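Chemist: give me a 3D structure for the following:
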Amino acid sequence: MARYLVTGGCGFIGSHLVDSLVAAGHSVRILDDLSTGKRENVPEIDDIVVGDVSDAGVVAKSMSGMDGCFHLAAIASVQRSNEEWALTHRVNLTGAVNVFDAARTANPAGPIPVVYASSAAVYGDNPAVPLTEDAEKRPLTAYGADKLGCEQHARVAGTVHGVPTTGFRFFNIYGPRQDPGSPYSGVISIFADRLAAGKTATIFGDGEQSRDFVYVGDCVRFVIAGMARATTAADVFNVCTGTPSSLHDLVAALSAAGGHDLAVEHGPARTGDIRHSYGDASRTTAALGIRAETSLQDGLAATLASLRS
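Modeler: Modelled structure (predicted):
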């Protein structure tokens, strides 16, 4: 069994990843600043380093002796990345460079592999859906630009320093432990919370905008598979279903999963909102041999059940 560092391991996706790694018998250390992550998400883990990935010394110390690293720590708020540009850049891009740099010397046997989270935000407003990995990158936000920068630095890590990596462009990940009150929360966690509380959800625009919703359990399967696939070629893959769902589709599916209708009101369309964003999963499936298996209906049912527990 291996020893892994998981940055952001107390957070939404990270804690599910930690659960799966521990269940498989691996040893896990977490590096998390607990700004959004919660210790109660990973009650079985004692080896938690409270620190910031933008601190190179903390990252190097945390990674010492590890066999691999899953890098999920980020400030995943588009709005905050635009408002606090320099701060989020330090975490989202400098933090990634610190991880790649530490991976060079973490283990006496040689550079260790890093699996890291990129984002569909690198595609920006590209209308060429479904988006393949080769689609033009045109990020609209500081967050998207930093994630594209992570991919470029992963190539440097591989070609110059011999660090094997796999990057994953996450589309819209949802599921239990996604905090609906967080500024980083997605539309599903917000709408599910409204449905559970009997409150009204707001759709901005006509509701026909579409997204590619991926259940967190499927996301974790891709991320774990990426560790064995890490190479110095620094390949990057979409984490998507390939199936678009409009916000109206989402409301109908949530209502069906919850057993009663979600009340909806419409607000004005928001400037800069992307109309349609969904990915092509064929390259990911061909490379890793797996695909997203959880239906939107089943994923929403699990998400709602977690809110009731």
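Chemist: could you pull out the strands for the stretch 1-150 of the chain?
Modeler: For the stretch 1-150 of the chain, the strands defined by DSSP state E, counting those that start in this stretch cover 3-7, 27-32, 48-50, 68-71, 114-119.
Chemist: any chance of these in TSV, plus distance to D235, mean pLDDT and mean neighbour count?
Modeler: From N, CA and C alone the C-beta is placed, and that goes for glycine too. Shown next, in TSV, are the strands of the stretch 1-150 of the chain (distance: least, C-beta to C-beta, whole Å; pLDDT from 0 to 100; neighbours: other C-beta atoms under 10 Å):
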stretch	distance to D235	mean pLDDT	mean neighbour count
strand 3-7	20	98	26
strand 27-32	24	98	24
strand 48-50	29	98	16
strand 68-71	15	98	27
strand 114-119	11	98	27
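Chemist: export these to JSON lines and tack on distance to A302?
Modeler: What follows is the strands of the stretch 1-150 of the chain, written out as JSON lines (distance: least, C-beta to C-beta, whole Å):
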{"stretch": "strand 3-7", "distance to A302": "22"}
{"stretch": "strand 27-32", "distance to A302": "23"}
{"stretch": "strand 48-50", "distance to A302": "26"}
{"stretch": "strand 68-71", "distance to A302": "22"}
{"stretch": "strand 114-119", "distance to A302": "21"}
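Chemist: for E83, which of those is the nearest?
Modeler: strand 114-119 (18.0 Å; C-beta to C-beta).
Chemist: which residues sit against that closest one?
Modeler: For strand 114-119, contacts defined as C-beta atoms under 8 Å, 6 or more residues apart in numbering pick out 13, 68-72, 74, 76, 96, 99-100, 103, 143-144, 147-148, 150-151, 154, 157, 163-170, 223, 226-227, 230, 236.
Chemist: chain center to it, what's the gap?
Modeler: In terms of C-alpha atoms, centre = their mean, to the nearest Å, the centre of strand 114-119 is found 8 Å from the chain centre.
Chemist: ok and it relative to strand 3-7, angle-wise?
Modeler: 30 degrees (axes from the mean of the first three to the mean of the last three C-alpha atoms, to 10 degrees).
Chemist: all helices for the stretch 51-200 of the chain, in order.
Modeler: 56-63, 78-83, 85-89, 95-103, 142-161, 187-197 (DSSP state H, counting those that start in this stretch).
Chemist: buried ones in stretch 197-208, by neighbour count?
Modeler: Neighbour-count burial for stretch 197-208 flags A201, I203 (criterion: 16 or more other C-beta atoms under 10 Å).
Chemist: which residues does it contact?
Modeler: So stretch 197-208 is contacted by 190-191, 193-195, 246-248, 251, 262-270, 273 (C-beta under 8 Å, 6+ apart).
Chemist: one more: stretch 280-294?
Modeler: 130-133, 214-215, 217-218, 221-222, 225-226, 229, 235, 237-242, 302.
Chemist: cool, and stretch 123-140?
Modeler: Counting by C-beta under 8 Å, 6+ apart, 120-122, 141, 144-145, 147-148, 169, 236-238, 240, 242, 244, 272, 274-280, 282-283 sit against stretch 123-140.
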